[in-house]
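Chemist: take a look and give me a structure for this.
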Amino acid sequence: MEYKNLTKNTKIPVLGLGTWEIGGRMSRDTSYDAEGIAAIRGAIELGYTHIDTAEMYGAGHSEELVGLAIKDFDRDSLFITTKVLPEHLRYKDVIKSAEGSLKRLKTDYIDLYLIHVPNPKISIKETMQAMDLLVKQKKIRFIGVSNFSVEQLKEAQDFTENKIVNNQIEYNLLTRHSGMYNVNIESEIIPFCQENEIIITAWKPLVKGILFREKNKLLEELALKYDKTLSQIAINWLINKKNIITIPKSTNFKHLKENLGALGWKLSEEDMKKLDEKLR
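Modeler: Numbering: from 1, shown residues only. Below is the predicted model of the structure:
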């Protein structure tokens, strides 16, 4: 595994495992529990140590499956990220949500706790005060946000004693300017995070396969040049950038191994520039 600096003393894997749809989407789905647990365990055995989940996923069931999957591994060797729902951002609700996540994950602490989506109806001040308390209580190690604009990130940082170390946003070869929640991704959000030593976690890095359904001459040329798959090119383009990591989701063992093939090498500056310009 390769790492980037989350803080001066803590590193975070550049490639993690996303768990959206493992355990359900917006509601609990137990139909594929065995497959989900096996996928998470298999990923850890392959070398994935960063597992990303949320109380939103499967209405908490994703966290339960992560908890079951990690129970036989050394907890301190893993990096667990989870997120609090936007409707749970009041002070007492943040505390309650974090305690619920800890219980479902069957762990004493969360490595990185994120605000899943900003909620303008709730004061960010009370949200961040709750996050600070959770850090003080050692229930979470680091705080972050998800789907935040630069303005929202600055406001959140104004109300916390702790550094916001992460902003998780939609970003991939096709999502460059506007995503589901954000605009000005490459022109504002990414430069601000890079300048302020905030790790960016790119979600939906492979665009759920949409990136590869239509033939793309440049991607195919680069895959041939580097003897890599299209997915490996797309992931390497992300993790080759300053302060950017990613969390592709897969329950397919073959795909999990394939994604790891994005590590250990780098696209040249010239080829990075081609992808930056021609696929924008």
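Chemist: just checking, residue 190 touches residue 238?
Modeler: No: if you go by C-beta atoms under 8 Å, residue 190 and residue 238 don't touch, sitting 10.9 Å apart. From N, CA and C alone the C-beta is placed, and that goes for glycine too.
Chemist: between those two, which contacts overlap?
Modeler: The contact sets of residue 190 and residue 238 overlap at 171, 244 (C-beta atoms under 8 Å, 6 or more residues apart in numbering).
Chemist: count the residues that sit near residue 260.
Modeler: Counted with other C-beta atoms under 10 Å, residues neighbouring residue 260 total 17.
Chemist: residue contacts, it?
Modeler: Residue 260 is in contact with 15, 46, 47, 48, counting by C-beta under 8 Å, 6+ apart.
Chemist: from residue 73, how far off is the third one?
Modeler: For residue 47, the distance to residue 73 (C-beta to C-beta, to the nearest Å) stands at 12 Å.
Chemist: tell me who's in contact with the closest residue to residue 54 other than its chain neighbours.
Modeler: Closest residue in space to residue 54, ignoring its immediate chain neighbours: residue 83 at 3.9 Å, by C-beta to C-beta, 6 or more residues apart in numbering. Going by C-beta under 8 Å, 6+ apart, residue 83 touches 53, 54, 55, 56, 113, 114, 115, 116, 146, 168.
Chemist: please name the bridge partners of residue 83.
Modeler: residue 114 (DSSP bridges).
Chemist: quick one on the thing from earlier: would TSV of the contacts of residue 260 with distance to residue 157 be doable?
Modeler: Conversion of the contacts of residue 260 to TSV gives the following (distance: C-beta to C-beta, whole Å):
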residue	distance to residue 157
15	27
46	35
47	33
48	30
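Chemist: are any of those residues buried, and which?
Modeler: 15, 48 (16 or more other C-beta atoms under 10 Å).
Chemist: residue 191: how many residues sit nearby?
Modeler: Residue 191: 14 surrounding residues under other C-beta under 10 Å.
Chemist: before we move on, what SS does it have?
Modeler: Put simply, residue 191 is helix when judged by DSSP: H, G, I helix; E, B strand; the rest coil.
Chemist: distance check, residue 189 against residue 244.
Modeler: From residue 189 over to residue 244 the distance is 11 Å, taken as C-beta to C-beta.
Chemist: shared neighbours, these two?
Modeler: In contact with both residue 189 and residue 244: residue 200, using C-beta under 8 Å, 6+ apart.
Chemist: more neighbours: which of these two?
Modeler: Ranked by neighbour count (other C-beta under 10 Å), residue 189 and residue 244 place residue 189 first, with 24 against 21.
Chemist: the more buried one is in contact with residue 169, isn't it?
Modeler: Yes: taking contacts as C-beta under 8 Å, residue 189 lies within contact range of residue 169: 6.3 Å.
Chemist: give me the common contacts of the two.
Modeler: Common neighbours of residue 189 and residue 169, using C-beta under 8 Å, 6+ apart, are 148, 182, 200.
Chemist: I figured the last one hits residue 169, correct?
Modeler: Read that as residue 200. Yes: taking C-beta under 8 Å as the definition, residue 200 is a contact partner of residue 169 at 6.3 Å.
Chemist: most neighbours, which of the contacts of residue 83?
Modeler: Tallying neighbours with other C-beta under 10 Å puts residue 53 at the head of these, with 31 neighbours.
Chemist: pull the contacting residues for that one.
Modeler: By C-beta under 8 Å, 6+ apart, residue 53 lies in contact with 19, 62, 63, 66, 80, 81, 82, 83, 105.
Chemist: that one and residue 41, how far apart?
Modeler: Taking C-beta to C-beta, one finds residue 53 at 14 Å from residue 41.
Chemist: what residues are shared contacts of residue 200 and residue 169?
Modeler: Going by C-beta under 8 Å, 6+ apart, residues that sit against residue 200 and also against residue 169 are residue 189.
Chemist: quick one: the strands in the stretch 151-280 of the chain?
Modeler: Assigned by DSSP state E, counting those that start in this stretch, the stretch 151-280 of the chain shows strands spanning 164-170, 199-203, 244-246.
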